[in-house]
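*Asks:* what follows is a predicted structure for the sequence shown.
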Amino acid sequence: MRQVTQNYKSGKIRIESVNSPVCKEGGALVRTAFSVISAGTEGMKVKEGKMSLVGKAMARPDQVKKVLKSVRQQGLAATFDKVMNKLDSLTPLGYSLSGTVVEVGSGLPGIRVGQRVACGGAEYAHHAEFVYVPKNLMVPVPDEVSLPHAAFATIGAIAMQGFRQAGLQLGETACVVGLGLLGQIMVRILRAAGMHAVGVDLSPSRCELGRAGGAKLATTPDDPTLRASVKALTGGFGVDCVIITAGGDTNGPVELAVELARDRARVVDIGKTRLDLPWNDYYMKELDVRFSRSYGPGRYDPNYEERGIDYPIGYVRWTEQRNMASFLDLIAQGKMDLAPIVTSIHPFSEAEQVYEAMAAGAGGGLGVLFQYPEDALVERRRSGPAAGSKREAVAKARIGVIGAGNYASSMLLPHLAKDERATLVEVATQTALSAANAQRKFGFERSSTDSPGLLRAGDVNAILIATRHGSHAVLTAAALRTGRPVFVEKPLAIDRAGLERVRQAMVESGNDRLQVGFNRRFAPLMLKLAESLAGRTYPLFMNYRVHAGQMESTSWYLDGKEGSRFAGEGGHFLDVFAYLTGSRPVTVSAFCQRPKSATAEDRDNVSVTVTYADGSVGNLLYLTQGGSQVAKEQLEVFGGGTTAHLANFTRLDLYRGDRGPSSTSSRLDKGQQKEMAAFVEAVVSGGPLPIGVDCLFDTTLATLAADESLSASRPIEISEFWAEEGAVGERDAEAAPPEEAVEERG
């Protein structure tokens, strides 16, 4: 299929040929008929894309703050690589469309193949021939509504949410500042609801369109009669509400709002505009300033948008989905006429020229639509030869990769792409652009959205899995059954049932050629630390402090389906203990905070103590609530008259007896390059993988035992913890099949 993409680094907008998205549970695959160009949102992206790196930074100070935080914790080099990887990627455009359902996932009642739907969401409703959309971001299109008009449903929902935030009552007067696409729709909603509408815009032609749409008054802000006309219309009081739909850097809309508003009126901001409130003027009128967030309740909530968990109507009357349906209902009843707003419809093949015109300042009108061909084909992967299994030495590691999110693209794939012993054959991801990005950057022979097809590919002799945590065990087991070496980014599993699934796959296939992404044991300074302990006959006492930092509330790491945050990341640090001791864990004890005011434990801040068979003890503090400028990791090791201090993988100090420290400094290097090189070497040579399977299982069990210890409030014996499982648990039996498990790690 074809899709519009933007490279944010260069600003270039192109139509790319990419694979069709996968239809998942709780959603539908839709063939796009029409999609709307948002002159405001997309125009801003086009403008920012043309800026220099400095200009982009100045335009997005919120992102600059994140970068600076990452530099403090991860180092300049690692942060630079991540930022450039993010910038030099193909990103989608578009968020409002209409089309026809061609495939329905399970758990989606009321939607059928062939049904006309309107779809929304910047993460889903892209300018593309096919889109996958979850159920709460799509609504059926009434028979009375044409597909071109239905394509405006998401933008209509934005206006609906702004209207609801305004709290208007029948007979009141509202002024809409900014009569672009959103403002024109808002004027028509106000009139449909029985309000008096006033419009203000710099463009006389848009003012005329606003009057045609039902505005009692619509004129430019410099019209000398504007203030007097508003007073005459409102009995001398001023408008009850000012709705700002304008964008830009000028403070004019905010200053105009206070002039036109009555005492104790409301000001609702929908557009992204400058908001330097004239304090005294707003104070004297005691204006109520409100924001309207996108399409309505549910926006930015992954439980609502991604997992399809609706809000009960008794508690949340108007969700984003219900706002979309309400807007379409206005059109169906004849109360909303979009025909005057639709200024042009372009064939999708002309998308590049349309955006070039937009970048040149010729936007082409208000309501601009793309129309899509009806003969586009769903294609997720080209057919290939039958699967094969190769255990002997091979000329090259021909690697198939499942998942190519930000971590894989910045920390794993660059090293494989540079390794002359490796060929990147196929990358399979859930979203078409993620696969296309990886293919473009790292030279994959092909890309797909078909992970089962990759597992069957006969020209692949090794598999790398870098998806979200909850899918690791399912995909690893499936990959092991193909007989090929498998690298899976940590964790190996997020529960014992998943680990048992992997074990059974090993037993039944006879394939134990597995490596887990415990990269820290490959770091240069960690190797030097281990070398200093070589030949020891004494136990070690190890203190590892990790300040992981707080996650954004929308991060997928916080999704319970992906396991706890510690289950996902804790294995990194417990593997260091296993590496330095060369011994197996015996018991695991974990403790966490329970604040007096809280109803639940804070399992993101945990203390874990592991005892080992050789008498060593490892103490891990995994924390998220400290200062943001603290380096992420500090490790101290004591034993046999030696002390080692490793400071965030940039400095190692060794103290022996009463001698001063022997110090080694390095750029921050956590071992990903050597980790990848070791995997490739094992594939090419047919030799053993660098970490024994027992150690991989031990570390995973120790990580899971920490969570069990928190729940049971007692130490956990590893031998009993694993023996209790016995067979595949109920959760494992219901686990998602491989084709539904692919979601790349961000």
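*Replies:* It's in. Numbers count the residues shown, from 1 in each chain.

*Asks:* what mean pLDDT does stretch 213-225 have?
*Replies:* In this model, stretch 213-225 has a mean pLDDT of 96.

*Asks:* buried residues in that stretch?
*Replies:* 213, 214, 215, 216, 217, 218, 219, 221 (16 or more other Cβ atoms under 10 Å). From N, CA and C alone the C-beta is placed, and that goes for glycine too.

*Asks:* and the furthest pair within these?
*Replies:* 214 and 221 (20.2 Å; Cβ to Cβ).

*Asks:* ok, back up a step: just the buried residues of stretch 213-225: which are in strands?
*Replies:* 217, 218, 219 (DSSP state E).

*Asks:* using CSV, lay out the residues you listed together with distance to residue 198.
*Replies:* Formatted as CSV, these follow (distance: Cβ to Cβ, whole Å):
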residue, distance to residue 198
217, 5
218, 7
219, 9
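
*Asks:* which of these sits closest to residue 134?
*Replies:* residue 218 (38.2 Å).

*Asks:* do I have it right that the closest one meets residue 204?
*Replies:* No. Using Cβ atoms under 8 Å, residue 218 makes no contact with residue 204, being 9.4 Å away.

*Asks:* closest to residue 199 out of the ones in strands among the buried residues of stretch 213-225?
*Replies:* residue 218 (3.5 Å).

*Asks:* OK, contacts around the closest one?
*Replies:* Applying Cβ atoms under 8 Å, 6 or more residues apart in numbering, we find residue 218 in contact with 179, 187, 198, 199, 200, 201, 207, 208, 210, 211.

*Asks:* please redo it, this time with the cut-off set to 6 Å
*Replies:* Applying Cβ atoms under 6 Å, 6 or more residues apart in numbering, one finds that residue 218 lies in contact with 199, 207, 210, 211.

*Asks:* any idea what the first one is bridged to?
*Replies:* If I follow you right, that is residue 199. Beta-bridge pairing for residue 199 (DSSP bridges): residue 176, residue 218.

*Asks:* can you give me the strands in the stretch 301-450 of the chain?
*Replies:* 342-347, 367-371, 397-402, 422-428, 446-448 (DSSP state E, counting those that start in this stretch).

*Asks:* looking at those strands, which is buried most?
*Replies:* strand 397-402 (a mean of 27; mean count of other Cβ atoms under 10 Å).

*Asks:* got a pLDDT number for residue 50?
*Replies:* Reading off the model, residue 50 has pLDDT 69.

*Asks:* of the ones in strands among the buried residues of stretch 213-225, which is the nearest to residue 626?
*Replies:* Using Cβ to Cβ, those come closest to residue 626 at residue 218, 54.7 Å.

*Asks:* show me the contacts for the closest residue to residue 433 other than its chain neighbours.
*Replies:* Nearest non-adjacent residue to residue 433, counting by Cβ to Cβ, 6 or more residues apart in numbering: residue 90, 5.0 Å away. Going by Cβ under 6 Å, 6+ apart, residue 90 touches 5, 433, 436, 437.

*Asks:* wait, which of those is closest to residue 24?
*Replies:* Out of those, the member with the shortest distance to residue 24 (by Cβ to Cβ) is residue 433, at 16.5 Å.

*Asks:* distance of residue 273 from residue 244?
*Replies:* The gap separating residue 273 from residue 244 is 6 Å, by Cβ to Cβ, to the nearest Å.

*Asks:* so what does the longest helix along the chain touch, helix or strand wise?
*Replies:* Ranked by number of residues, the top helix in the chain under DSSP state H is helix 693-712. Counting contacts by 3 or more Cβ pairs under 6 Å, 6 or more residues apart in numbering; DSSP states H and E, helix 693-712 packs against helix 565-581, strand 585-593, strand 716-717, helix 718-723.

*Asks:* mind listing residues that contact the helix or strand following the second one?
*Replies:* Scanning forward in sequence from strand 585-593, with DSSP states H and E defining helices and strands, the next element found is strand 602-612. Where contact means Cβ under 6 Å, 6+ apart, the residues beyond strand 602-612 that reach it are 564-566, 581, 583, 585-593, 617-625, 702, 706.

*Asks:* so which bits of strand 602-612 are buried?
*Replies:* The neighbour-count check on strand 602-612 (16+ other Cβ under 10 Å) flags 603, 604, 605, 606, 608, 609, 610, 611, 612 as buried.

*Asks:* ok, so of those residues, who is nearest residue 152?
*Replies:* The closest of these, once distances to residue 152 are taken by Cβ to Cβ, is residue 604, at 42.0 Å.

*Asks:* still on that earlier bit, residue 273 and residue 244: which is more packed in?
*Replies:* residue 244 (26 against 19; other Cβ atoms under 10 Å).

*Asks:* just to check, the more buried one is in contact with residue 175?
*Replies:* No. If you go by Cβ atoms under 6 Å, residue 244 and residue 175 don't touch, sitting 9.3 Å apart.

*Asks:* leaving out chain neighbours, which residue sits closest to residue 43?
*Replies:* In space, residue 43 is closest to residue 358, 6.0 Å off (Cβ to Cβ, 6+ apart).

*Asks:* over to residue 523?
*Replies:* That would be residue 671: by Cβ to Cβ, 6+ apart, it lies 3.7 Å from residue 523.

*Asks:* what residues does that neighbour make contact with?
*Replies:* 519, 520, 522, 523.

*Asks:* tell me how many other residues crowd residue 550.
*Replies:* Neighbours of residue 550 using other Cβ under 10 Å come to 11.

*Asks:* and it, what element?
*Replies:* If you go by DSSP H and E, residue 550 is not part of any helix or strand.

*Asks:* got the contact list for it?
*Replies:* So residue 550 contacts residue 624 (Cβ under 6 Å, 6+ apart).

*Asks:* okay, now the unreliable bits of the stretch 201-350 of the chain?
*Replies:* Residues of the stretch 201-350 of the chain meeting the criterion pLDDT under 70: none.

*Asks:* need the helices for it, in chain order.
*Replies:* 204-212, 226-233, 252-260, 279-285, 302-305, 320-332 (DSSP state H, counting those that start in this stretch).

*Asks:* domain assignment for this protein?
*Replies:* Under the assignment automatic domain parsing, the domains of the chain span 2-152+302-371, 155-291, 397-519+735-740, 521-670+688-717.
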